[in-house]
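Undergrad: model this:
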Amino acid sequence: MKALVALILLVQLPIHRAAPAAPPPPLGCDDPESEAAAEVAVNYINDHSHHGYKFALNRIEQVRVLPQGPNNEILFLELDLLETTCHILSPTPLANCTVRSFTEHAVEGDCDVKLQNLDGKLSVLASKCHSHADSSEDVHQLCPDCPLLASLNNTEVLATVTTALNDHNSKTHDAYLRLLEIGRARIQNHPVHVVSVEFAVAATNCTAEEAKVNLEACQLLPEDQSNFGFCTATAVMRPSQNLQVDCQLYGHQPGVTYSQPGQDTSAGLVPTAGQGFTNHNLRLSHNNPFASESSSSEFPSSVLSAKSVAKRAAAEVAQHDKVPRPVGFVPPPPPCPGKIRYFKI
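TA: Below you'll find the predicted structure:
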């Protein structure tokens, strides 16, 4: 009888089961893993861009992680980038490139990037980017007299580039240079009329003296000898005329190529990609051909719309959170968006 009672009591005892492990907290935009992924993404974007300038990370807007299995996960990043002063052909490391200031009429890039983290190694599967210049109103609100970006095929811009390149070629004893593309241009009207231009060039197989005799024979150097460079020029038009030109060649860079637009640019013609625009659009949509993840080009709509969802959620919290806080309470920062490294456009 006693054994039966003991058995009944044992059956009635509560069974304490181990609580399921709590899911890991969501990855924050400023977490080391997110920043490491963003660095890989930005380097990939710059490596696969063929026109314009290198871009630097300004802010991680959103991050999402999809576990795929042991030591395998997919990351979706939404990044805000800013244009630097380094042309895409420049050998200067991105870390040493200066981000253009707000008053220089900054250009912002927006990118969605898909990466894989397999056994601790990050690789980009796909990326989609576009860029745009800040509004003229925003620039003039802070700096009323700052010159604004001009269209890359503006007649004054084209004339200034042509004059500047001819001026350099007429004075140099080195290789004759041809225009590759106009990078950017700004026009200032007051108090003096000034046109400032930046453009990429390449050395030909002729010296400047040889080009005077037979210009048509001067061709760009072959890929295994290519020598790209960059020029800046400032032309004061009124009240008096003055031209300052500075051209620098980078030297041969193995593996660095330039996608030719398929038209003669020797007379200062801007490549088709830049006509009618004030900046080269970072219109990059690239799938990594070596990606090991099959659906490399798919970006979930939840990631692409994450910015609007995050803003709406933040607004709701600000309006409805009436919980009293103790004196000196500092709420933790939200996981996303991350910190702004330079300035917000």
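Undergrad: ok, so what distance separates the residue nearest in space to the middle of the chain from His87?
TA: Centroid-nearest residue in the chain, with CA atoms, centre = their mean: Phe55, separated by 3.2 Å. According to CB to CB, to the nearest Å, Phe55 and His87 sit 12 Å apart. C-beta coordinates here come from the backbone N, C-alpha and C atoms, glycine included.
Undergrad: Same check on Ser196?
TA: 15 Å.
Undergrad: who's more crowded, these two?
TA: His87 (24 against 19; other CB atoms under 10 Å).
Undergrad: these two touch, right, that one and His51?
TA: No - with contact defined as CB atoms under 8 Å, His87 and His51 do not form a contacting pair (9.3 Å).
Undergrad: Below-threshold pLDDT in this protein: ranges please.
TA: 1-25, 260-276, 284, 286, 289-333 (pLDDT under 70).
Undergrad: Show me the domain layout of it.
TA: 22-147+279-344, 153-254+273-277 (the TED database).
Undergrad: what's the strand or helix carrying Asn58 packed up against?
TA: For Asn58, the host element (DSSP states H and E) is strand 53-69. The contact analysis (3 or more CB pairs under 8 Å, 6 or more residues apart in numbering; DSSP states H and E) places strand 53-69 against helix 32-47, strand 72-87, strand 107-118, helix 301-304, helix 306-320.
Undergrad: let's go with 7 Å and repeat that
TA: Applying 3 or more CB pairs under 7 Å, 6 or more residues apart in numbering; DSSP states H and E, one finds that strand 53-69 contacts helix 32-47, strand 72-87, helix 306-320.
Undergrad: Which strands border it, and is each parallel or antiparallel?
TA: Note on strand 53-69: by DSSP bridges, its sheet partners are strand 72-87 (antiparallel).
Undergrad: Only the buried residues of the strand it pairs with, if you could.
TA: By neighbour count, with 16 or more other CB atoms under 10 Å as the criterion, the buried positions of strand 72-87 are 73-87.
Undergrad: Restricting to C-alpha, output the host helix or strand of Ala164 in CSV.
TA: Element membership for Ala164 (DSSP H and E) is helix 155-171. What follows is helix 155-171, C-alpha atoms only, in CSV (Å, rounded to 0.1, in the frame of the first residue of the first chain):
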residue,chain,number,x,y,z
THR,A,155,28.5,73.1,-73.6
GLU,A,156,30.7,75.2,-71.2
VAL,A,157,31.8,72.0,-69.5
LEU,A,158,32.7,70.3,-72.8
ALA,A,159,34.5,73.4,-74.0
THR,A,160,36.5,73.6,-70.8
VAL,A,161,37.5,69.9,-70.8
THR,A,162,38.6,70.2,-74.5
THR,A,163,40.6,73.4,-73.8
ALA,A,164,42.2,72.0,-70.7
LEU,A,165,43.3,68.7,-72.3
ASN,A,166,44.6,70.5,-75.4
ASP,A,167,46.5,72.9,-73.1
HIS,A,168,48.1,70.0,-71.2
ASN,A,169,49.0,68.1,-74.4
SER,A,170,50.6,71.2,-76.0
LYS,A,171,53.0,71.7,-73.0
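Undergrad: Buried residues of stretch 230-243, list them for me.
TA: With the criterion 16+ other CB under 10 Å, stretch 230-243 contains buried residues Phe230, Cys231, Thr232, Ala233, Thr234, Ala235, Val236, Met237.
Undergrad: Leaving out the residues flanking it, which one is nearest to Leu220?
TA: Ala202 (5.2 Å; CB to CB, 6 or more residues apart in numbering).
Undergrad: correct me, but the one you found touches Phe230?
TA: No - Ala202 is beyond contact range of Phe230, at 10.3 Å (criterion: CB atoms under 7 Å).
Undergrad: mind listing what the closest residue to His173 other than its chain neighbours touches?
TA: Leaving aside its chain neighbours, His173 sits nearest to Ala208 (6.6 Å; criterion: CB to CB, 6+ apart). Residues in contact with Ala208 (CB atoms under 7 Å, 6 or more residues apart in numbering) are Asn169, Thr172, His173, Asp174, Tyr176.
Undergrad: any idea how far Thr162 is from the third one?
TA: Applying CB to CB, one obtains 21 Å for the distance of His173 from Thr162.
Undergrad: Just want to know which of these two has more residues nearby.
TA: Higher neighbour count among His173 and Thr162: Thr162, with 15 against 7, using other CB under 10 Å.
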